[in-house]
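**Student:** All I have is the shape, not the residue letters:
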Ligand code: MG
């Protein structure tokens, strides 16, 4: 899996005095964090979490375990700071992380920032919001129209740093050339509809800097009520040439939050290739044995 392009943009918006969002563009690692807390605490939480993400060595871990452990480490560090610094008591942050690995894009997620996948002219939200409004929506106590204007739509049900431990959604998405992944804070998605996000990507899929800038501008045109952050990256052609093993649909997010979601098609394709390789070697040995 190779990266064709990437870009990140953030803006305070039109109503807030400070920008409490943070983002990471450190390929193959990308993230968005939306901090919360009194005074400057939200800013501290999101920046601290972003720094931990960039600086932490995850040893031999890979895939969903690696991303989950990075977010757990961020949680530990933000919680430690808020427990020792009274000015930051109760601070926390959302965190949506993407890590591009050889067999797919690993997503890790806590809170109501989102990851989207744009593919074949469609857009799909691949993370589930950990928010009060989403809980009410799922239980049928709220319609999607009511959700859009709900006064408590920024209340989240999970955050990084507010508790000693955090439940992390982490899963792998099969990716292929041409896919564009977007990570964004609610300052974008509360102001700009999914179809308009799609349109912005489709307009200039080769120029992601333009995409992220135009999305920030669109959110500000829509009112700019919150800090706006967008990170985008595009998947390129595989160096080996063939990406047939990656041509599977995105794994649908399941409803159980603790279970890692894994695509199995790549592993199966690799197994077949290994078997073919072994057969070829056996054939060569057989021919060599016959002629000698
Ligand atoms: Mg926000």
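**Tutor:** Nice, thanks for sending it over. Treat the numbers as computed from the prediction; the structure is a model and nothing was measured.
**Student:** Number of residues surrounding residue 97?
**Tutor:** Residues near residue 97, counting by other CB atoms under 10 Å, number 29. To be clear about C-beta, it is placed using only N, CA and C from the backbone, and glycine gets the same treatment.
**Student:** do residue 207 as well
**Tutor:** 13.
**Student:** ok, now which ones touch it?
**Tutor:** Residues near residue 207 by CB atoms under 8 Å, 6 or more residues apart in numbering: residue 5.
**Student:** measure it to the ion for me?
**Tutor:** Noted for residue 207: a distance of 26 Å to the ion, by CB to the ion, to the nearest Å.
**Student:** what's the answer for residue 175, then?
**Tutor:** Per CB to the ion, residue 175 is found 27 Å from the ion.
**Student:** where does residue 53 land in three-state SS?
**Tutor:** helix (DSSP: H, G, I helix; E, B strand; the rest coil).
**Student:** Residue 29 is in contact with that one, correct?
**Tutor:** Yes - with contact defined as CB atoms under 8 Å, residue 53 and residue 29 form a contacting pair (6.8 Å).
**Student:** And the two? Which one has more around it.
**Tutor:** Taking neighbours as other CB under 10 Å, residue 53 and residue 29 compare with residue 53 leading, 24 against 17.
**Student:** Find me the pLDDT at that one, would you?
**Tutor:** Residue 53 carries a pLDDT value of 94.
**Student:** got the residues of the protein near the ion?
**Tutor:** Proximity of the chain to the ion, by CB under 5 Å from the ion, involves residues 34, 185, 186, 187, 226.
**Student:** The helix or strand encompassing the first one pairs with which strands?
**Tutor:** Assigning secondary structure by DSSP states H and E places residue 34 in strand 29-36. Strand 29-36 has the following sheet partners, assigned by DSSP bridges: strand 21-26 (antiparallel), strand 92-93 (antiparallel), strand 95-101 (antiparallel).
**Student:** And the contacts of the longest one?
**Tutor:** Counting contacts by CB under 8 Å, 6+ apart, the residues outside strand 95-101 that touch it are 1, 3, 24, 27-33, 49, 53, 62-63, 66-67, 70-71, 74, 105-111, 113-115, 127, 160, 172, 175, 181, 183, 233, 235.
**Student:** taking those residues one by one, which sit in helices?
**Tutor:** Among these, the ones falling in helices (DSSP state H) are 49, 53, 63, 66, 67, 70, 71, 74.
**Student:** ok, and the closest non-adjacent residue to the fifth one?
**Tutor:** Think residue 67. residue 108 (3.5 Å; CB to CB, 6 or more residues apart in numbering).
**Student:** and that neighbour, what does it touch?
**Tutor:** Contact partners of residue 108, counting by CB under 8 Å, 6+ apart, are 64, 67-68, 70-71, 95-99, 168-170.
**Student:** neighbours of the closest residue to the ion within the stretch 1-150 of the chain, just the number please.
**Tutor:** The stretch 1-150 of the chain approaches the ion most closely through residue 34 (4.2 Å), counting by CB to the ion. Residue 34 has 30 neighbouring residues, counting by other CB under 10 Å.
**Student:** and it, what pLDDT?
**Tutor:** pLDDT, read off for residue 34, is 98.
**Student:** quick one: it from residue 229, how far?
**Tutor:** Distance from residue 34 to residue 229, counting by CB to CB, to the nearest Å: 7 Å.
**Student:** joint contacts of those two?
**Tutor:** With CB under 8 Å, 6+ apart as the test, residue 34 and residue 229 both reach 21, 113, 185, 187.
**Student:** between the helix or strand hosting residue 80 and strand 29-36, how many degrees?
**Tutor:** For residue 80, the element it lies in under DSSP H and E is helix 63-84. Here helix 63-84 runs at an angle of 30 degrees relative to strand 29-36 (axes from the mean of the first three to the mean of the last three CA atoms, to 10 degrees).
**Student:** tell me what helix 63-84 is packed against?
**Tutor:** helix 41-55, strand 92-93, strand 95-101, strand 104-110, strand 169-173 (3 or more CB pairs under 8 Å, 6 or more residues apart in numbering; DSSP states H and E).
**Student:** What residues sit buried inside the third one?
**Tutor:** For strand 95-101, the buried set under the neighbour-count rule, 16 or more other CB atoms under 10 Å, comprises 95, 96, 97, 98, 99, 100, 101.
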